[in-house]
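# For reference, the sequence and a predicted model appear below.
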Amino acid sequence: MLKIENLHARVEGKEILKGLSLTVNPGEVHAIMGPNGAGKSTLGNVLCGRPGYEVTAGSVMLDDVNLLELEPEARAAAGVFLALQYPVEIPGVNNTYFLRTALNAQRKARGEKELDSMAFLKLVREKLKVMQISDELLHRAVNEGFSGGEKKRNETFQMALLEPRLAILDETDSGLDIDALKQVSAGVNALRSPERSFLVITHYQRLLDYIEPDFVHVLADGKIVESGDKTLALKLEEHGYAWVSERAPQAAGARA
Amino acid sequence: MSSETTASTNTALRDNAEVAEALGRHYSAGFVTEIEMTGLPPGLDEETIRQLSAIKREPEWMTEWRLKAYRHWLGMPQPDWAKLKMDAIDYQAISYYAAPKKKPKSLDEVDPALLETYEKLGVPLHERAALAGVAVDAVFDSVSVGTTFRKQLAEAGVIFCSMSEAIREHPELVQQYLGSVVPPGDNFFAALNSAVFSDGSFVFIPKGVRCPMELSTYFRINAQNTGQFERTLIIAEEGAHVSYLEGCTAPKRDENQLHAAVVELVALERAQIKYSTVQNWYPGDENGVGGIYNLVTKRGDCRGDDSKISWTQVETGSAITWKYPSVVLRGDRSVGEFHSVALTHHFQQADTGTKMIHIGKDTKSKIVSKGISAGKSNNSYRGLVKVEKGASGARNYTSCDSLLIGKQCGAHTFPYMEVKNPTAIVEHEATTSKISDDQMFYCRSRGIREEDAVSMIVDGFCKQVFRELPMEFAVEAKKLLEVSLEGAVG
């Protein structure tokens, strides 16, 4: 479904991704781990077309759509969703209104009928039930004054409502205590389906105790240097990222 | 070689698209009404004022009042303290009176061209088609062309008519209150207005009456080289309540046109006046050519104890806006409020804010100002909170937020405070923010287009003020902001 080939990307003139390749099939959950500065968040931002992230080589295909040619909003309509590490506050804009605007913009872009407020509210109620979230967050302004946990839960709720085909979670565990982490993970797990794929970007193994990945990749210096099943994450936890960097030249050499 | 050509063509196309977008900035009120007009030739002297007064069949005392103001004005220099770049105004090049030739006796006789004009502006004057529950006074250039629902209002004892008519029909009220809040010599533009004001609305709500409907005046500038000098006076007697709204538009023209109005509000004991403005004068084009100079003095006097005056304004139009709707809190426990959204784009300039003068005991004032700057515009908040010696227990809360869109615009805040009573509490909060790249990306990553994201963020920023507007007008104001921001991103 998602096919990334030899992706190179620069931020402020500095090359961060240096030939990253990755294939994700429908329904799979891939964890992307790696030390600070390896390019994990850059990958998420590049996939969503964030301005300032310049792709210099390579390709990213979502089925037969070349994502790199699309504006961020068109990528969203094509089914890409990024749960941000630091969700942004939009003062005075009602959360429900924001969500309805987003959903209808995507539906319109796809040539589907926009939902009226009744139909939308019905959908919101359904999703709230699945996600086990109180509707209190919906009456407030987007992320304004939300706690770290509330922000991440709100991201998950947006994901539930927008029903992406590819969901990218960028350090969703950062800043969460254990209870919040469990709640958010439960929400994500409820959204797993045979059609939906996940890229779970994380620094720590603990998130993967709750969101169990099918594959784990280690990203170092702009490339995937090691791939495996979930046991790879445990090895990393045990040996630290230094273990990977020691093996990295070898891995890179083996690939070339 | 060929790839280079393609690249430059693409750039040219993109530039053209931007120009086209900017040119297409949608000022839907920019049309001109073809109608036979009569008026005074350009120029200003005592004779002009006598003629003006004569055309309006004014009593002698009114003519004298004007002349006195004019003589005072002659001795006054034009002020220049505002943060505004303004071409010198040639007061001899302006015509001080322009009116449709046919004088209607009632609404049924109003020229169809005029009715159509107001229809187009979304203010139907036929009572059948009129906005439910809103009475309208329509001012076209220098005269009022009609006032709706007069009969229903009269039954409640409310007087709602043009200022010209009030001078003839209710001279005792006009003499008692005109200039009692903004004296003729108050400032340069108020003095000019006092000398040459042509029309405006007059509202009188007698003791204990709650006005049964919203009152509104729609000001339209149509004629070329004409200044509009309207004068509005609203009086709410003891315990009376009224909500009043004004709207303003003008055709697109390359010359600047002058609008110098004076609005006076008087609230007696326990009276409440809510005054809302949606100002959409022609702002000039994207290069700063043309547009209205909106130089206005608005002041309310909480003359009685426990009275309340609140100003709500949404300002999106005019090349230059220079005004400070103010409240004099004379009565004990009186309350003054100011809620403002001022948006500037392209080369527009606004220097606006309020003055709250606390004189009575336990008086309260609240100021909420939201300035939005886009393009190359400049937007200043200037406000004064003054607490006099006797105003023990006075309270003020000011919150003043600026939002910048783009990198070439400016936002400035000039808060002044004079506190002469030690028991007063004055609070001031100010923020300046930009629509951040993070906010834009967040919206876009959820599927929302850039322009829609900007309107949504701006709407959120203004929410506190929009809440104060009557329902239909809040919707109107929101749309107006969207239209005014077209082309602000990208």
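Looks like it arrived, so ask away.

# buried set for whichever helix or strand A:Leu232 is part of?
Using DSSP states H and E, A:Leu232 falls within helix A:231-239. Buried residues in helix A:231-239, defined by neighbour count with 16 or more other CB atoms under 10 Å in any protein chain shown: A:Leu232, A:Ala233, A:Lys235, A:Leu236. Bear in mind the C-beta positions are built from the backbone N, C-alpha and C, glycine included.

# secondary structure class for the residue lying closest to B:Thr431 once chain neighbours are set aside?
Among residues not flanking B:Thr431 along the chain, B:Asp401 sits closest, at 4.8 Å (CB to CB, 6 or more residues apart in numbering or on different chains). Look at B:Asp401: counting by DSSP: H, G, I helix; E, B strand; the rest coil, its state is strand.

# average pLDDT for stretch B:329-349?
In this model, stretch B:329-349 carries a mean pLDDT of 93.

# still on that earlier bit, beta-bridge partners for the residue nearest to B:Thr431, please?
B:Lys370, B:Thr431 (DSSP bridges).

# What score does it have for pLDDT?
Value for B:Asp401, per-residue pLDDT: 92.

# right, and A:Ile16 touches A:Ala9 too?
Yes. Judged on CB atoms under 8 Å, A:Ile16 makes contact with A:Ala9 at a distance of 5.9 Å.

# ok, which stretches of the stretch 251-400 of chain B are strands?
Counting by DSSP state E, counting those that start in this stretch, one finds strands in the stretch 251-400 of chain B at the ranges B:256-259, B:262-267, B:272-279, B:291-302, B:308-315, B:320-323, B:326-329, B:335-344, B:349-358, B:364-373, B:378-387, B:395-404.

# In chain A, which residue sits closest to chain B?
Ranked by CB to the nearest CB, the top residue of chain A for proximity to chain B is A:Gly92, at 3.0 Å.

# got any ranges where chain B has weak pLDDT?
The model of chain B has pLDDT under 70 over residues B:1-27, B:103-107, B:121-134, B:142-143, B:145-146, B:224-225, B:249-253, B:472, B:487-490.

# Write out the residues of chain B neighbouring chain A.
B:436-439, B:441-450, B:452, B:456-457, B:459-464 (CB under 8 Å from any CB of the partner chain).

# Would you show me how to pick out the buried ones of those residues in ChimeraX?
Buried subset of those, written as a ChimeraX selection, criterion 16+ other CB under 10 Å:
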select /B:439,441,442,443,444,445,446,447,448,449,450,452,456,457,459,460,461,462,463,464
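
# from the residues of chain B next to chain A, which ones fall inside helices?
By the criterion of DSSP state H, membership of the residues of chain B next to chain A in helices covers B:437-439, B:441-445, B:450, B:452, B:456-457, B:459-464.

# what sits in contact with each of A:Ile16 and A:Ala9?
A:Gly39, A:Thr42 (CB atoms under 8 Å, 6 or more residues apart in numbering or on different chains).

# residue ranges of the helices in chain B, please?
B:2-23, B:46-55, B:60-74, B:112-120, B:150-155, B:163-169, B:171-177, B:188-196, B:437-445, B:450-466, B:471-484.

# Please work out which residue of chain B is closest to chain A.
For chain B and chain A, the shortest gap (CB to the nearest CB) falls at B:Gly460, measuring 3.0 Å.

# contacting residues for the residue nearest to that residue when sequence neighbours are not counted?
Take B:Gly460 and drop its neighbours on the chain: the residue closest to it by CB to CB, 6+ apart is A:Gly92, 3.0 Å away. The contact partners of A:Gly92, by CB under 8 Å, 6+ apart, come to A:Ala141, A:Glu144, B:Asp459, B:Gly460, B:Phe461, B:Cys462, B:Lys463, B:Gln464.

# How about the contacts made by A:Arg165?
With the criterion set at CB under 8 Å, 6+ apart, A:Arg165 makes contact with A:Met1, A:Pro26, A:Leu62, A:Ala78, A:Gly79, A:Val80, A:Glu195, A:Arg196, A:Ser197.

# For A:Asp135, grab the count of nearby residues.
When neighbours are defined as other CB atoms under 10 Å in any protein chain shown, A:Asp135 has 12 of them.

# My understanding was that it contacts A:Leu128; is that so?
Yes. Using CB under 8 Å, A:Asp135 is in contact with A:Leu128, at 5.7 Å.

# Phi, psi for B:Gly284 please.
phi 90, psi 170 (degrees, to the nearest 10).

# circling back to that earlier point, quick check: ChimeraX command selecting the buried ones in the contacts of A:Arg165.
In ChimeraX, this line selects whichever of the contacts of A:Arg165 come out buried by 16+ other CB under 10 Å:
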select /A:1,62,78,79,80,196,197
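
# Which one of the contacts of A:Arg165 is nearest to A:Ile168?
A:Val80 (7.2 Å; CB to CB).

# Can you name the residues bridging to the closest one?
In this entry, A:Val80 is beta-bridged to A:Leu166, by DSSP bridges.

# pretty sure it is touching A:Asn45, no?
No. Taking contacts as CB under 8 Å, A:Val80 lies outside contact range of A:Asn45: 11.6 Å.
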